[in-house]
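Novice: any chance you could fold what I've pasted below:
(2 chains)
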Amino acid sequence: GAVVSQHPSRVICKSGTSVKIECRSLDFQATTMFWYRQFPKQSLMLMATSNEGSKATYEQGVEKDKFLINHASLTLSTLTVTSAHPEDSSFYICSATGTPYSTDTQYFGPGTRLTVL
Amino acid sequence: KNEVEQSPQNLTAQEGEFITINCSYSVGISALHWLQQHPGGGIVSLFMLSSGKKKHGRLIATINIQEKHSSLHITASHPRDSAVYICAVKVTGTSYGKLTFGQGTILTVHP
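Specialist: Next up is the predicted model:
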């Protein structure tokens, strides 16, 4: 299957700072990328869907100005958590789909654990 | 009631046992995924099904579209199979491959 990477795998930051998480498709063109958040012992919660070259579509209850998503190329999407607070601490996972795969297929990244002090 | 329900929520087995995890859904779907998440957090896609049965090594996944039910079987289970197994569906008519997730099944295999 296709490979999706995330960077960094772990990040610790101070409250009030911004953190950028990268999601890359290594061997295919990711026309669509998804960003998920996962709280301990809970399932994944979709935050937003981004299509290359377009503005992201955010799920209800997700603050657009808080979680900035950029999908400027077919291999890279970034999630920036702005003015992070301790309640933003979570596990963030991206997934991607695109050429040559169908939209029913998604490949997941390894996740990024964010801790805000 | 969630659109995707998994059972059991927790499962403990001895090494070598045959394991079954179930997933039922209440909506029309175009595809169903079985995912594996290890304690480190990374998610691996095990299967994507739209009908029938798929096999990969010791893992077998089946789906019955009429009954809206899927099962994941693990034969000759091993401690390294210990993980959270997640069922996720692509609901018919939703855009861009958006998935709806079950709550996960925590599997622990003891040596």
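
Novice: what does chain B have sitting close to chain A?
Specialist: B:30-31, B:33, B:35, B:40-45, B:48, B:50, B:86, B:90, B:95-99, B:101-104 (C-beta under 8 Å from any C-beta of the partner chain). C-beta here means a position set from N, CA and C on the backbone, and glycine is covered the same way.

Novice: quick one: average pLDDT of stretch A:56-66?
Specialist: Across stretch A:56-66, pLDDT averages out at 93.

Novice: show residues contacting it.
Specialist: With contacts defined as C-beta atoms under 8 Å, 6 or more residues apart in numbering or on different chains, stretch A:56-66 is touched by A:35, A:45-50, A:67, A:69, A:71, A:81-83, A:88, B:96.

Novice: do stretch A:34-51 as well
Specialist: A:23, A:31-33, A:56-59, A:62, A:67, A:69-71, A:77, A:79, A:90-96, A:106, A:111, B:41, B:43, B:86, B:95-99, B:101-104.

Novice: and what of stretch A:69-78?
Specialist: Residues outside stretch A:69-78 that contact it (C-beta under 8 Å, 6+ apart) are A:20-26, A:29-31, A:33, A:35, A:48, A:50-54, A:56, A:79-80, A:94, A:96, A:98.

Novice: can you rerun that using 7 Å?
Specialist: The contact list for stretch A:69-78 (C-beta atoms under 7 Å, 6 or more residues apart in numbering or on different chains) reads A:20-25, A:29-31, A:33, A:35, A:48, A:50-52, A:56, A:79, A:94, A:98.

Novice: buried among those? Need that as a selection in PyMOL.
Specialist: Entered in PyMOL, the line below selects the buried ones among the contacts of stretch A:69-78, by 16 or more other C-beta atoms under 10 Å in any protein chain shown:
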select buried, chain A and resi 21+22+23+24+25+29+30+31+33+35+48+50+51+52+56+79+94+98
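
Novice: among the contacts of stretch A:69-78, which ones are in strands?
Specialist: Counting by DSSP state E, the part of those found in strands is A:20-25, A:29-31, A:33, A:35, A:48, A:50-51, A:79, A:94, A:98.
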